[in-house]
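>>> Fold the stuff below for me.
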Amino acid sequence: MAHAAGPDLSDHVALVTGASSGLGRQAALALSGAGARVVAVARRAEALASLVEEAPGPVASLPFDLSDRDGLADLAARATEPFGAPDILVHAAGINTRETADAVTPEGWDITQTLNLAVPFFLSQHLVGGMKAKGWGRIVNFASLQSTRAFPGGLAYGASKGGIVQLTRAMAQDWSRHGINVNAIGPGFFPTELTAAVFNDPERAARNAAQTCIGRNGEPTDIDGPLLFFCSDASAYVTGQTLMVDGGFTAK
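As a prediction, the model looks like this:
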């Protein structure tokens, strides 16, 4: 049975944060496969270089430490140099310090809120002008199971990811009238560096799989379809929404 072709994003430039590993890397590969020219942002230059080699289309590596909020304006300016102004923005970078409530430090709290919540807004704010000029843009934030559920050791992370859901609505409220749709993906359990502690415990990984309706944990390519939907004209009338890509984990 033939499969329908996916969206053609060859006229678009996508910026992906957290592109050196995990779902950010998968997002960069999926967008490149759909024809977008991709600007890949992460701290690790070597990991970005391997992404550039593997990607099916043009990818520009842009090493940057996103915890430097004062440098985001410069990052946005540099991001326009390889292919022009990005009109697709995927915020996949994140951190989970896994500190219990009694152990949360001001430093752990601040870096979590900066990377997970502040950067998606302020980097978008710096780049939204180019999208307004074009009358078209797509911004995809990354939510989490912890956007709606409390997990052990997840106080700071959960607070940031709960904030992402409301941030997504608020950004949509202000920018969608300009043709810029803003949505969020809430991944379930995928094998990434961020979830290594979970997948290194086979019993725990099996329990998480059993909690889903589908009966398994996520594979990296499970993110491709929802991401490309949000990054294309297929989602022309969808904005301010959070789509849980979790195999039905939150449905039970």
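>>> switch to C-alpha atoms for all contacts and neighbour counts from now on
OK.
>>> so is the closest residue to Ala143 other than its chain neighbours in a helix, a strand, or just coil?
Excluding the flanking residues, the one nearest Ala143 by C-alpha to C-alpha, 6 or more residues apart in numbering is Gly186, at 4.3 Å. With DSSP: H, G, I helix; E, B strand; the rest coil as the basis, Gly186 sits in strand.
>>> Which residues are in contact with Gly186?
Phe142, Ala143, Ser144, Leu145, Ser147, Thr242, Leu243, Met244, Val245, Asp246 (C-alpha atoms under 8 Å, 6 or more residues apart in numbering).
>>> Report the buried members of those residues.
Buried positions within the contacts of Gly186, assessed by neighbour count (16 or more other C-alpha atoms under 10 Å), are Phe142, Ala143, Ser144, Leu145, Ser147, Thr242, Leu243, Met244, Val245, Asp246.
>>> Tell me what Val13 is bridged to.
Arg37 (DSSP bridges).
>>> how many other residues sit next to it?
Using other C-alpha atoms under 10 Å, Val13 has 24 other residues around it.
>>> if I look at it, how far off is Glu99?
According to C-alpha to C-alpha, to the nearest Å, Val13 and Glu99 sit 37 Å apart.
>>> How confident was the prediction at Leu194?
Per-residue confidence (pLDDT) for Leu194: 80.
>>> all helices of this structure, in order?
22-33, 45-54, 72-79, 106-113, 119-134, 155-175, 196-199, 202-211, 224-230 (DSSP state H).
>>> For Asn116, give its distance to Asp8.
Taken as C-alpha to C-alpha, the span from Asn116 to Asp8 is 29 Å.
>>> higher neighbour count, these two?
Asn116 (30 against 15).
>>> For the more buried one, list the residues it contacts.
Ala93, Gly94, Ile95, Tyr157, Ser160, Lys161, Ile164.
>>> Kindly present those residues as JSON lines, with separate columns for distance to Phe151.
Supplementary listing: the contacts of Asn116 in JSON lines, determined by distance: C-alpha to C-alpha, whole Å:
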{"residue": "Ala93", "distance to Phe151": "20"}
{"residue": "Gly94", "distance to Phe151": "17"}
{"residue": "Ile95", "distance to Phe151": "15"}
{"residue": "Tyr157", "distance to Phe151": "9"}
{"residue": "Ser160", "distance to Phe151": "13"}
{"residue": "Lys161", "distance to Phe151": "12"}
{"residue": "Ile164", "distance to Phe151": "17"}
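>>> From those residues, pick the one nearest Ser21.
Ala93 (9.2 Å; C-alpha to C-alpha).
>>> Can you check the pLDDT for that closest one?
Ala93 is given a pLDDT of 97.
>>> burial measure for it, as a count.
24.
>>> ok, now which ones touch the closest residue to it other than its chain neighbours?
Leaving aside its chain neighbours, Ala93 sits nearest to Gly18 (3.8 Å; criterion: C-alpha to C-alpha, 6+ apart). The neighbourhood of Gly18, defined by C-alpha under 8 Å, 6+ apart, consists of Gly24, Arg25, Ala40, Val41, Ala42, His91, Ala92, Ala93, Gly94.
>>> From Gly186, how far off is the fourth one?
Between Val41 and Gly186 the distance, using C-alpha to C-alpha, works out to 20 Å.
>>> pLDDT weak spots in the stretch 1-150 of the chain?
1-5 (pLDDT under 70).
>>> In a markdown table, list the contacts of Gly18 along with distance to Gly135.
As requested, the contacts of Gly18 are exported to a markdown table (distance: C-alpha to C-alpha, whole Å):
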| residue | distance to Gly135 |
| --- | --- |
| Gly24 | 26 |
| Arg25 | 27 |
| Ala40 | 23 |
| Val41 | 24 |
| Ala42 | 28 |
| His91 | 21 |
| Ala92 | 24 |
| Ala93 | 26 |
| Gly94 | 29 |
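>>> residues in contact with Leu31?
So Leu31 contacts Leu9, Ala14, Arg37, Val38, Leu228 (C-alpha under 8 Å, 6+ apart).
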